[in-house]
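**Q** kindly generate the corresponding structure for this input.
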Amino acid sequence: MTQRTKSTLQTNINADLADNTSGSISAQDIRDIVTDITDSTEMGVTTVTGSYTAAEFATILVNNSAADATITLPSASSANERIYNIKKIHSGETYKVIIDGNSSETIDGATTYNLYMQYESVKIQSDGSNWHILEKNLIPFHAKITRDAAQSISHDIITVVNYDNEVFDVGSIADTSSTYRVTIKRAGKYQIVVYNSLQAFEHKYIASGLKLNGSTVQKYHFDYSSHGSARPMSTLTITLDLASGDYIEGLVYHNSGVTKSTSTSLHYKPELTIKEII
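**A** Residues are numbered from 1 along each chain as shown. From the prediction side, this is the model:
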């Protein structure tokens, strides 16, 4: 089955009628035209398990379980007006689908476009020079991690929280075993919430912050208690424009004068939540 563009369809219909010398449309003319119109609306579907060069099939389902899969597009000039629907159908989040324009040709201004999660899809069309996104179905990256075991936090030291529990992780962006961070896969805007509280009641400051790429501290939120029987709780909410490969770490600070531990209580233990804004 071949997807035919509007201009190709018109050329074929003109050819169907080119040998008509009687001035009237014959039954064969009608059959030929109906065939061409039917062919032009037959989209065609193919399922691939790895890298693939897009051709006649308009819908490409990618079931890549072992590695990243690159879907290479034809030149935009040779595929003028052509539409492709590309969808990742494998449930794994380790390997992505990379849609790659021919040479330096772009997809909405970028040379590649990625699908990361099961059932993400994109519909693109050629204008003869580049490709344009007509529709996209993306699942937001979204993770929440906590520190369940008590962590010692020294007085007046900005400390990275070693998150040890994954509440949920849509897109496999969080690490709770070695780096204790969230790593961005898809560039865009993300809302981030960092929450902290200490195990013991205090009448001093506690602060929540976050660090970008191991060095740049992005703002703090301070909470202060003037009572020894109160528990200060600090929540930082911030929206950042992040690039692929950026990583976020949660920070905690206090000035109680002695070493304290983070809370292990359900309602007070440290949390880091991040969600992509689509």
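
**Q** specify the beta-bridge partners of the residue lying closest to residue 150 once chain neighbours are set aside.
**A** Once flanking residues are discounted, residue 150 sits nearest to residue 261: 4.1 Å by Cβ to Cβ, 6 or more residues apart in numbering. (Each C-beta comes from the backbone N, C-alpha and C, glycine too.) Legend: beta-bridge partners of residue 261 under DSSP bridges are residue 152.

**Q** could you check the pLDDT of residue 261?
**A** We have a pLDDT of 93 for residue 261.

**Q** by contact count, what packs against the helix or strand harbouring residue 238?
**A** Using DSSP states H and E, residue 238 sits within strand 233-242. Contacting strand 233-242 under the criterion 3 or more Cβ pairs under 8 Å, 6 or more residues apart in numbering; DSSP states H and E are the following elements: strand 188-197, strand 205-212, strand 216-224.

**Q** that one: which residues count as buried?
**A** 233-234, 236, 240, 242 (16 or more other Cβ atoms under 10 Å).

**Q** ok, stretch 238-258 next?
**A** For stretch 238-258, by 16+ other Cβ under 10 Å, it's 240, 242, 246-254, 256.

**Q** show me the contact partners of the strand holding residue 238.
**A** Contact with strand 233-242 is made by 184, 187-197, 206-210, 212, 218-223, 248, 252, 268, 277, as judged by Cβ atoms under 8 Å, 6 or more residues apart in numbering.

**Q** one more pass at 7 Å, please.
**A** Contacting residues not belonging to strand 233-242 are listed as 184, 187-197, 206-210, 218-223, 268 [Cβ atoms under 7 Å, 6 or more residues apart in numbering].

**Q** can you map out the helices along the chain?
**A** 6-17, 27-41 (DSSP state H).

**Q** residues near the residue nearest to residue 150, how many?
**A** 13 (other Cβ atoms under 10 Å).

**Q** that one and residue 118: what is the separation?
**A** 40 Å (Cβ to Cβ, to the nearest Å).

**Q** and for residue 91?
**A** 5 Å.
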